[in-house]
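Peer 1: Sequence and predicted structure, then a few things I'm wondering about:
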Amino acid sequence: MKPPQGPVRSESPTVTILLNEAPSAAERLRELLPLVYDQLRAAAQLQLRRESPGHTLQATALVHEAYLRLVGPREIPWRNRAHFYAAAAEAMRRILVDHARAKAAGVRGGPEARRAALSLESLPDPGSATESAGFLILDDAIARLESVDPECATVVRLRYFAGLSIDQTAQAMEVSSPTVKRHWAFARAWLKEAIESGRIET
C-alpha cells in the first residue's frame, strides 16, 4: 500500500486565516480549495491510473464530488488543518466505497479478495470486481484498526485516502515525522496480519 507522494506544503498565513472561526465554513472551503486542489487531484489521478479510458469515475470528477460532499447542505466548522484533511479523506473514502460496493455486488470476500486487498498499492481499479472486493476488506480492516489505535488509523486515512506524505501527515496531525513513520509501520503490519488471518470479511 503506497500512498501518492507530493511536495510538502509549508503552512501559510492564508491557511491560518481560513481555519479561524470568522468566515463561514463555505467561504473558507471556497478559498481553501485552490490551496489543496492540485494535491488531491494528483492523489485521485494516481488512484485511478489503471482504469480504462472513458470510465465514468474520472480523477477530476472524484475531487469535485469529494468537495461537494464536504460542503454539504449545512455549515461545517473546520477546527484545524487535520480536521479539514480528515474530512477530505473521508469524503474520498465514501465515494470509492460506494463505487466498490456497486462493482463487487455478489462477489464474496474469500481468499482471492484477501489477496487483492494485500496487493493493493493504491486505491483499486474501479473496473475490477476482485480489486473492489479487496478494497472493501481493506477498508473494513482500517475501521477495525481505529478501535485498536485511533492515531494509526488516522495516519492510514490521511496517507491512503488524502494522499499526504509522511511530512504532510505530521504537519496535519501536529506530530513529528518519526511518530508518523512509527504509526505507519505498525498500521501496515496490523492490517496485513488482520487480512491474512481471514478475520476481515465482507
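Peer 2: All right, it came through fine.
Peer 1: and stretch 174-183, average pLDDT?
Peer 2: Across stretch 174-183, pLDDT averages out at 95.
Peer 1: buried residues in that stretch?
Peer 2: Of the residues in stretch 174-183, Val175, Val180, His183 count as buried by neighbour count, 16 or more other Cβ atoms under 10 Å. Placement of C-beta: from N, CA and C, glycine included.
Peer 1: all strands in this protein, in order from the N-terminus.
Peer 2: Remark: no strands are assigned in the chain by DSSP state E.
Peer 1: so Arg81 touches Gln171, yeah?
Peer 2: Yes - using Cβ atoms under 8 Å, Arg81 makes contact with Gln171 at a distance of 7.2 Å.
Peer 1: circling back to that earlier point, can I get the buried residues of stretch 174-183 in CSV with distance to Phe161?
Peer 2: Below are the buried residues of stretch 174-183 laid out as CSV (distance: Cβ to Cβ, whole Å):
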residue, distance to Phe161
Val175, 18
Val180, 15
His183, 15
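Peer 1: Return the closest of these with respect to Pro111.
Peer 2: Of all those, Pro111 sits closest to His183, with 28.8 Å by Cβ to Cβ.
Peer 1: For the closest one, which residues are in contact?
Peer 2: Counting by Cβ atoms under 8 Å, 6 or more residues apart in numbering, His183 touches Asp149, Glu151, Cys152, Val155.
Peer 1: again, but for Tyr85
Peer 2: Val36, Leu158, Ala162, Leu164, Ala172.
Peer 1: wait, the fourth one sits on Val155?
Peer 2: No - the pair Leu164 and Val155 does not pass the contact test of Cβ under 8 Å, sitting 9.1 Å apart.
Peer 1: hmm, back to that, of the contacts of His183, which qualify as buried by neighbour count?
Peer 2: Among the contacts of His183, those scoring as buried are Glu151, Cys152, Val155 (criterion: 16+ other Cβ under 10 Å).
Peer 1: which non-adjacent residue is nearest the last one?
Peer 2: Computed as Cβ to Cβ, 6 or more residues apart in numbering, the closest residue to Val155 that is not its neighbour in sequence is His183, at 4.3 Å.
Peer 1: Same question for the first one.
Peer 2: Once its chain neighbours are removed from consideration, Glu151 has its nearest residue in His183; the separation is 5.8 Å (Cβ to Cβ, 6+ apart).
Peer 1: and Gly163, what are its phi and psi?
Peer 2: phi 80, psi 20 (degrees, to the nearest 10).
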